[in-house]
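*Asks:* structural data only, the sequence is not supplied:
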């Protein structure tokens, strides 16, 4: 009886994959060609594996039912991922996605981005995120009508540099070397702290905390720090202002440091510190001063403050090392850095947006609408 359910479920997965394939191959949007190609290729591979399992299903089931179930669940998960990310974007992406994809392409040209530009889909239920399997950047609906959060595109644009498919790319080797050195440095430093704690038979809670920090720092936190610094390096102050804007919406403690379970993103206070360090390194001292004052006032308003664990986990010396390492990595692969008074292209528009906001917050909405229309026309002209 369980075998009948298993076989029927497997056939349903195949039927679903075939229907998804039909949706993918018939999609007419030229701006979604990269996503269409990815969906078709991944569904073709999934269908081949499903057919192989169907042929061998009775034999595998007799020998090891648990293995058969594992194979089915793996294929079901793969088809679900393709549907949830790739095909969902093909079906639900609005026409205005084409504008944001052109915007990303222009950003890549502006900064000398060394790999394929992602496609943008306004189908995110939360904030910005990058899906590596599809080289797809998700942003909230209607994001194409607003400017103040668009600096976050630069952060997400760094994530493709960590994709496995580019691991052997010669042009990215200096970047990967610098990042690997930073991972090794953090791993060794935290490991040494744990060894010292073990020798003096320190408390178990402290050992657990250090283990948690080690699991979080390498590589997840470092990748997020790199992405923040990539945005600062290539865009400038607009990204730091946008981060303050985002954090204003968040309820969590910006100094919260994990003590038992690893987390993927470092606390916002550490991210803000590293952005300010990066701005000063690039010569944006006035912007860094203004942003630092805003952040301090913002944190004070929420009632949170730095504790001892935060200071131990994110000492300034370590954060400065991360800035130095990341900036060298970006320079080594030829990315164009942001410099005071020298913004051009998309970076000029997004930094002007924040300048305009601070000049007249109440009247900014009208300025923003005109600026978006102008930017759309500029990108349409560049694409023609």
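*Replies:* Received the coordinates, thanks. Keep in mind the model is a prediction, meaning the values are calculated, not measured. Residues are numbered from 1 along each chain as shown.

*Asks:* what packs against the host helix or strand of residue 229?
*Replies:* In the assignment (DSSP states H and E), residue 229 maps to helix 222-235. Contact here means 3 or more Cβ pairs under 8 Å, 6 or more residues apart in numbering; DSSP states H and E; on that basis helix 222-235 packs against helix 97-111, helix 152-158, helix 173-199, helix 237-249, helix 268-282, helix 316-332, helix 345-359. Heads up, the C-betas are built off the backbone N, CA and C, glycines and all.

*Asks:* how much does it deviate in direction from helix 268-282?
*Replies:* Here helix 222-235 runs at 40 degrees with respect to helix 268-282, directions being taken by axes from the mean of the first three to the mean of the last three Cα atoms, to 10 degrees.

*Asks:* identify, out of the helices and strands packed on helix 222-235, the most deeply packed stretch.
*Replies:* helix 152-158 (a mean of 24; mean count of other Cβ atoms under 10 Å).

*Asks:* contacts for that helix?
*Replies:* For helix 152-158, the external contacting residues (Cβ atoms under 8 Å, 6 or more residues apart in numbering) are 100, 103-104, 107-108, 113, 118, 120, 127-130, 137, 139, 226-228, 230-231, 234-235, 239, 242, 246.

*Asks:* tell me how far stretch 246-258 is from the chain's mean position?
*Replies:* Taking the mean of its C-alpha atoms, stretch 246-258 sits 18 Å from the chain's own mean (Cα atoms, centre = their mean, to the nearest Å).

*Asks:* now for residue 62, how many residues are close by?
*Replies:* Around residue 62 sit 10 other residues, with neighbours defined as other Cβ atoms under 10 Å.

*Asks:* what sits against it?
*Replies:* Here residue 62 is in contact with no residue (Cβ under 8 Å, 6+ apart).

*Asks:* got it, and the one 10 residues further on?
*Replies:* Each residue near residue 72 by Cβ under 8 Å, 6+ apart is listed here: 6, 9-10, 13, 53.

*Asks:* switch the cut-off to 10 Å
*Replies:* Residue 72 makes contact with 6-7, 9-10, 13, 50, 53, 57, 60 under the criterion Cβ atoms under 10 Å, 6 or more residues apart in numbering.

*Asks:* ok, now residue 27?
*Replies:* 33, 35-36, 39-40, 87, 89-91, 93.

*Asks:* just the buried residues of the residues you listed.
*Replies:* Among the contacts of residue 27, those buried by neighbour count (16 or more other Cβ atoms under 10 Å) are 35-36, 39-40, 87, 89-90, 93.

*Asks:* where does the stretch 1-150 of the chain have low pLDDT?
*Replies:* Segments of the stretch 1-150 of the chain classed as low confidence (criterion: pLDDT under 70) are not present in this model.

*Asks:* coming back round to it: of the buried ones among the contacts of residue 27, closest to residue 348?
*Replies:* For those, the minimum distance to residue 348 (Cβ to Cβ) is 27.5 Å, reached by residue 93.

*Asks:* can I assume the closest one is in contact with residue 119?
*Replies:* Yes: Residue 93 sits in contact with residue 119 when judged by Cβ atoms under 10 Å, with a separation of 8.7 Å.

*Asks:* between the two, what contacts are shared?
*Replies:* Between them, residue 93 and residue 119 share the contacting residues 31-32, 35, 100-101, 136, judged by Cβ under 10 Å, 6+ apart.

*Asks:* can you list those in a markdown table and add distance to residue 342?
*Replies:* Formatted as a markdown table, the entries for those read as follows, by distance: Cβ to Cβ, whole Å:
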| residue | distance to residue 342 |
| --- | --- |
| 31 | 31 |
| 32 | 35 |
| 35 | 35 |
| 100 | 25 |
| 101 | 26 |
| 136 | 32 |
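
*Asks:* list the contacts of the nearest residue to residue 364 once chain neighbours are set aside.
*Replies:* Ranked by Cβ to Cβ, 6 or more residues apart in numbering and with sequence neighbours excluded, the top spatial neighbour of residue 364 is residue 357, at 4.6 Å. Shown in contact with residue 357 (Cβ under 10 Å, 6+ apart): 147-148, 241, 245, 363-365, 367-368.

*Asks:* just the ones of these in helices?
*Replies:* Using DSSP state H to define helices, the subset of those located there is 241, 245, 364-365, 367-368.

*Asks:* let me have the residues you listed in CSV, adding pLDDT and distance to residue 296 as columns.
*Replies:* CSV is the format used below for the ones in helices among the contacts of residue 357 (pLDDT from 0 to 100; distance: Cβ to Cβ, whole Å):
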residue, pLDDT, distance to residue 296
241, 98, 15
245, 96, 16
364, 97, 23
365, 96, 27
367, 97, 28
368, 97, 27
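
*Asks:* domain boundaries for the chain, per the record?
*Replies:* Structurally, the chain divides into domains by automatic domain parsing as follows: 2-92, 97-146, 155-378.

*Asks:* how many residues are close by residue 289?
*Replies:* For residue 289, the tally of surrounding residues (other Cβ under 10 Å) stands at 13.

*Asks:* what about it, helix or strand, and which?
*Replies:* Going by DSSP H and E, residue 289 is part of helix 285-302.

*Asks:* what's the answer for residue 262, then?
*Replies:* Residue 262 is part of no helix or strand, with elements assigned from DSSP H and E.

*Asks:* any idea how far stretch 30-42 is from the chain center?
*Replies:* Between the centre of stretch 30-42 and the centre of its host chain there is 20 Å, according to Cα atoms, centre = their mean.

*Asks:* give me the distance between the residue nearest the centre of the chain and residue 167.
*Replies:* With distances taken as Cα atoms, centre = their mean, the chain has residue 156 as the residue nearest its mean C-alpha position (3.9 Å). With the distance defined as Cβ to Cβ, to the nearest Å, residue 156 ends up 19 Å from residue 167.

*Asks:* also residue 55?
*Replies:* Counting by Cβ to Cβ - residue 55 and residue 167 are separated by 34 Å.

*Asks:* tell me the SS of the closest residue to residue 50 other than its chain neighbours?
*Replies:* Closest residue in space to residue 50, ignoring its immediate chain neighbours: residue 14 at 4.8 Å, by Cβ to Cβ, 6+ apart. Secondary structure assignment for residue 14 (DSSP: H, G, I helix; E, B strand; the rest coil): helix.
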